[in-house]
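Novice: need a structure here:
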Amino acid sequence: MYIEQISDIVSHLKRKYKEDDPYSLAKAMGIKIIYEPMGTYEGACKGFYLFQSRVQIITINSDLPSFIQMFILIHELGHSVLHRKSCGVKAFHEFTLFDETSKMEYEANIFLAEFLMKDDDVLELLNEDMSFFNAAKELCVPPELLDFKFRVLKRKGYKVIDPPTNAKANFLKNDLGGDTCEYEPC
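Specialist: Numbering: from 1, shown residues only. Predicted coordinates:
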């Protein structure tokens, strides 16, 4: 699926359901959200999307900080919309968030970036000549997620710099406990 298509899908969902809040959107879409403790050790499952017998469920690791839970929810909403027929059970482990090796994970990350950040907000910060990392902090997102948003903006034809980071699969590795998070959620 192309970045432009994913961007259009995000816009369509927000218009159709009149929701910017991912929790309300999931409810409006008939997706049940379950919170289960899954640990905070390296490699712990952060969440997954399940589609079986016409029932959609997103399970989120309740041991994680709330801002990471929200990122996971939106990522899994991406799977529910983009990959429903091919998902079955799609576990979302630390090593797959912002992982570029899987096309489905890449697409769900594009969905996440597009859902969380408005083009105008990102472009406004860049026009203020703000550094990439300061822009990420101002937007309350990890730099890796802003990297995905930059890819969307480039595809839409905006002239943006190449970010000084490339999304790595393990960016949440130290964030599981919430105490060592490198970026401060808003």
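Novice: Mind listing residues that contact stretch 19-33?
Specialist: Residues from elsewhere that reach stretch 19-33 (CB atoms under 8 Å, 6 or more residues apart in numbering): 13-14, 17, 55-60, 70, 73-74, 77, 80, 115. In this view, the C-beta of every residue, glycine as well, is placed from N, C-alpha and C.
Novice: Among the residues you listed, the buried ones, what's the ChimeraX command?
Specialist: Of the contacts of stretch 19-33, the buried ones can be selected in ChimeraX as follows, counting by 16 or more other CB atoms under 10 Å:
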select :13,56,57,58,59,60,70,73,74,77,80,115
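Novice: among the contacts of stretch 19-33, which are in helices?
Specialist: If you go by DSSP state H, the contacts of stretch 19-33 have 13-14, 17, 70, 73-74, 77, 80, 115 in helices.
Novice: Where does the residue most central in space within the chain sit: helix, strand or coil?
Specialist: Against the mean C-alpha coordinate of the chain, by CA atoms, centre = their mean, the closest residue is residue 112 at 3.0 Å. Put simply, residue 112 is helix when judged by DSSP: H, G, I helix; E, B strand; the rest coil.
Novice: That one touches residue 79, doesn't it?
Specialist: No - between residue 112 and residue 79 there is no contact under CB atoms under 8 Å: 10.3 Å.
Novice: Which parts of this protein are helices?
Specialist: According to DSSP H, the helices that the chain contains are 3-17, 22-28, 66-82, 84-87, 103-116, 119-127, 132-139, 143-155.
Novice: what's the longest one packed up against?
Specialist: Under the contact criterion of 3 or more CB pairs under 8 Å, 6 or more residues apart in numbering; DSSP states H and E, the helices and strands touching helix 66-82 comprise helix 3-17, helix 22-28, strand 45-52, strand 55-61, strand 89-93, helix 103-116.
Novice: What strands line up against the third one, and which way round?
Specialist: Within its sheet, and counting by DSSP bridges, strand 45-52 is paired with strand 55-61 (antiparallel), strand 89-93 (antiparallel).
Novice: If you average pLDDT over each of these, which is lowest?
Specialist: Within the strands paired with strand 45-52, confidence is poorest for strand 89-93, with a mean of 49 (mean pLDDT).
Novice: Quick check: nearest residue in space to residue 61, chain neighbours excluded?
Specialist: Of all residues not flanking residue 61 in the chain, residue 38 sits nearest, at 4.0 Å (CB to CB, 6 or more residues apart in numbering).
Novice: Spell out which residues sit in contact with residue 138, please.
Specialist: Neighbouring residues of residue 138 by CB under 8 Å, 6+ apart: 125, 130.
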